[in-house]
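Engineer: Below: sequence and its predicted model.
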Amino acid sequence: MKDKNYHSIHITKDRCIGCVHCMSACPTKAIRVRDGKAVIIDELCIDCAECLRVCPYDAVHSHTTSFAALDVFAYKVAIPSTVIYGQFGAAVLPNEILSALRRVGFDEVYDLSSICELNCAATEEYLNEHPRPRPYITSTCPVVVRIIQRRYPTLCGQILPIEPPREIAAKILRTILPKGLGIPAEKIGIIHITPCPAKMVSINSPASLDRSYLDGAISVRDIFPQILSALRKSEEDALMRHLFPETLLSGIGMGWPLSGGETRGLKSHRAVAVSGIQDTMRALDQVEAGLLQDIDVLECTVCPDGCVGGPLEVENRFLAKSRILELVAAAGEHAVVDQKDASRLYHKNFLSFDHPVTPVESRPLDRDPAKAIRKARRRDRLSADLPRKDCGVCGAPDCRTLADDIVRGQASLEDCPFVKKKKEK
Ligand code: SF4
Ligand code: SF4
């Protein structure tokens, strides 16, 4: 069931000591420290997990699917992010990892690299058919979609309306498995193995689908020990499953989790890739200002270096990146997906969004426009009167945000230690 207010990032109050590291790192100013504990303002949070990365006390946690939760399914299928191929060192091959995942308890495991390539082929067709606007912005990273909906609403129409590979793969499996296996669709669980908590957001609160085709996402970090143990016990020959039966691993798709990998397979369009939350927001600022129109596609991922820098991975991201590049080189960068298949699926709208992504209203100062204007003026006056030291002692990330909280009735001027001291004098 779609939950518009779903968030994967939460704070465990008992562990929080109010050190404000997370508040300083949050790119949307969604965190306050009240009574010595961090709290997240849901309407502002985009689930980027920057707070999770910086908390020194393990007080920020992410909600992902547990393996035990899969017991409700009679048949379990895993479609891991290709990030997984970079997690186990240079000696372990992709088919060994997928086979180990099968021994962990999945009935079937599918490689996602050919579907990444399929997405790329569909993107090429879409760009050919839609010469304007420019640039389109990739939609694979759910955090990028959330930022655009909330901070850059005018860019919603520039989101590339092709579903990410994980959803396309799950949709194909939902179409073929129930009939093929003779098992009711609701008894088949299709699970993504994810490097970041944001995939849970796109499953529980999809921006472009009526309902996600996935049933959950297990984090790489959670399932890593089981895969490692299954790899050590393995003696049988590894068998790899592909969604397109005749295809092999796709080098184009394998490079997908690296920044630039999503658009690497585009042959006739100009793409630029940015990664990391700050660079992504800077690039979106430029697009909003009408710049970058000479680029066809802007590939944005908020994790550093792309999904390979996801916060729920185990391997050092530089080693993982190097391993994936080795695999891309070994597989070669020729197309393994039949372009006619890709074109047919694209023209049947099988790979497209169900509906466009729409803006999500940001927090107005007041529902009444006249009151909102008065509050904005008061906020500006307060902001000018505050010491502008942005020290964070008041529990807000900076003085202007404290002024905003005051006019909303969520903080008081005395929360500022400098104002308080002055008044006491
Ligand atoms: S980083 Fe945030 S959540 Fe972690 S202890 Fe400090 S204030 Fe609490
Ligand atoms: S997940 Fe990102 S937006 Fe949400 S509170 Fe943490 S740092 Fe802020």
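Structural biologist: Happy to help now that I have it. Ligands and ions are numbered 1, 2, ... in the order given.
Engineer: Would you list the phi and psi of residue 422?
Structural biologist: phi -60, psi -40 (degrees, to the nearest 10).
Engineer: burial measure for the closest residue in space to residue 378 that isn't next to it in sequence, as a count.
Structural biologist: Residue nearest to residue 378 in three dimensions, not counting chain neighbours: residue 407, with 5.2 Å by CB to CB, 6 or more residues apart in numbering. The C-beta positions use only the backbone N, C-alpha and C, and glycine is treated the same way. When neighbours are counted by other CB atoms under 10 Å, residue 407 registers 21.
Engineer: tell me the contacts of residue 407?
Structural biologist: Counting by CB atoms under 8 Å, 6 or more residues apart in numbering, residue 407 touches 365, 375-376, 378-379, 382.
Engineer: Please dump those into CSV; it should also carry neighbour count, distance to ligand 1 and secondary structure for every row.
Structural biologist: Output for the contacts of residue 407, formatted as CSV (neighbours: other CB atoms under 10 Å; distance: CB to the nearest ligand atom, whole Å; DSSP: H, G, I helix; E, B strand; the rest coil):
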residue, neighbour count, distance to ligand 1, secondary structure
365, 17, 26, coil
375, 19, 28, helix
376, 14, 29, helix
378, 14, 29, helix
379, 20, 25, helix
382, 20, 25, helix
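Engineer: hang on, the earlier thing: kindly provide the distance from the residue nearest to residue 378 to residue 33.
Structural biologist: According to CB to CB, to the nearest Å, residue 407 stands 19 Å off from residue 33.
Engineer: quick one: the residue nearest to residue 378 and ligand 2, what's the gap?
Structural biologist: Using CB to the nearest ligand atom, to the nearest Å, residue 407 is found at 21 Å from ligand 2.
Engineer: Could you do residue 33 as well?
Structural biologist: Here residue 33 is placed at a distance of 12 Å from ligand 2 (CB to the nearest ligand atom).
Engineer: Residue 268 too?
Structural biologist: Going from residue 268 to ligand 2 by CB to the nearest ligand atom gives 36 Å.
Engineer: same check, this time on residue 378
Structural biologist: Residue 378 sits 26 Å away from ligand 2, going by CB to the nearest ligand atom.
Engineer: What of residue 120?
Structural biologist: For residue 120 relative to ligand 2 (CB to the nearest ligand atom), the value is 28 Å.
Engineer: now swap in residue 280 and tell me
Structural biologist: For residue 280, the distance to ligand 2 - CB to the nearest ligand atom - is 12 Å.
Engineer: Residue 139 falls within a helix, correct?
Structural biologist: No. With DSSP: H, G, I helix; E, B strand; the rest coil as the criterion, residue 139 is coil rather than part of a helix.
Engineer: Do I have it right that it meets residue 165?
Structural biologist: No. Contact criterion CB atoms under 8 Å: residue 139 and residue 165 do not qualify, at 11.3 Å.
Engineer: more crowded one of these two?
Structural biologist: residue 165 (27 against 23).
Engineer: any idea how far that one is from residue 150?
Structural biologist: 25 Å.
Engineer: same thing with residue 132?
Structural biologist: For residue 132 relative to residue 150 (CB to CB), the value is 25 Å.
Engineer: same question, residue 31
Structural biologist: 15 Å.
Engineer: So between these two, which is more surrounded?
Structural biologist: residue 31 (25 against 18).
Engineer: That one reaches residue 40, doesn't it?
Structural biologist: Yes. With contact defined as CB under 8 Å, residue 31 reaches residue 40; the gap is 5.7 Å.
Engineer: Between these two, which contacts overlap?
Structural biologist: Joint contacts of residue 31 and residue 40 (CB under 8 Å, 6+ apart) are residue 51.
Engineer: that older thread, okay if I get the contacts of residue 407 as CSV plus distance to residue 335?
Structural biologist: Listed next are the contacts of residue 407 as CSV, based on distance: CB to CB, whole Å:
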residue, distance to residue 335
365, 52
375, 56
376, 54
378, 60
379, 55
382, 59
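Engineer: got the residues you listed as JSON lines, with distance to residue 67 and pLDDT columns?
Structural biologist: Output for the contacts of residue 407, formatted as JSON lines (distance: CB to CB, whole Å; pLDDT from 0 to 100):
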{"residue": "365", "distance to residue 67": "45", "pLDDT": "96"}
{"residue": "375", "distance to residue 67": "48", "pLDDT": "97"}
{"residue": "376", "distance to residue 67": "49", "pLDDT": "97"}
{"residue": "378", "distance to residue 67": "52", "pLDDT": "97"}
{"residue": "379", "distance to residue 67": "48", "pLDDT": "97"}
{"residue": "382", "distance to residue 67": "50", "pLDDT": "96"}
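Engineer: Which of those sits closest to ligand 2?
Structural biologist: Of all those, ligand 2 sits closest to residue 365, with 20.1 Å by CB to the nearest ligand atom.
Engineer: Report the contact partners of that closest one.
Structural biologist: 371-372, 375-376, 379, 404, 407-408.
Engineer: Next: residue 284.
Structural biologist: 137, 147-148, 151-152, 155, 300.
Engineer: State the helix or strand in which it lies.
Structural biologist: Following DSSP states H and E, one finds residue 284 within helix 277-288.
Engineer: Then residue 78?
Structural biologist: Counting by DSSP H and E, the element that carries residue 78 is strand 75-80.
Engineer: how many other residues sit next to whichever residue of the stretch 51-200 of the chain sits closest to ligand 2?
Structural biologist: Residue nearest to ligand 2 within the stretch 51-200 of the chain: residue 51 (3.3 Å; CB to the nearest ligand atom). Number of residues near residue 51 (other CB under 10 Å) recorded here: 25.
Engineer: wait, it sits on residue 27?
Structural biologist: No. The pair residue 51 and residue 27 does not pass the contact test of CB under 8 Å, sitting 9.8 Å apart.
Engineer: Using CSV, write down the CA coordinates of the helix holding residue 284.
Structural biologist: The C-alpha trace of helix 277-288 is given here as CSV (Å, rounded to 0.1, in the frame of the first residue of the first chain):
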residue,chain,number,x,y,z
ILE,A,277,24.3,15.5,-2.4
GLN,A,278,25.9,18.9,-2.6
ASP,A,279,27.0,18.6,-6.3
THR,A,280,23.6,17.2,-7.2
MET,A,281,21.9,20.2,-5.6
ARG,A,282,24.3,22.6,-7.3
ALA,A,283,23.6,21.1,-10.6
LEU,A,284,19.8,21.2,-10.0
ASP,A,285,20.2,24.9,-9.1
GLN,A,286,21.8,25.5,-12.5
VAL,A,287,19.1,23.6,-14.3
GLU,A,288,16.4,25.5,-12.5
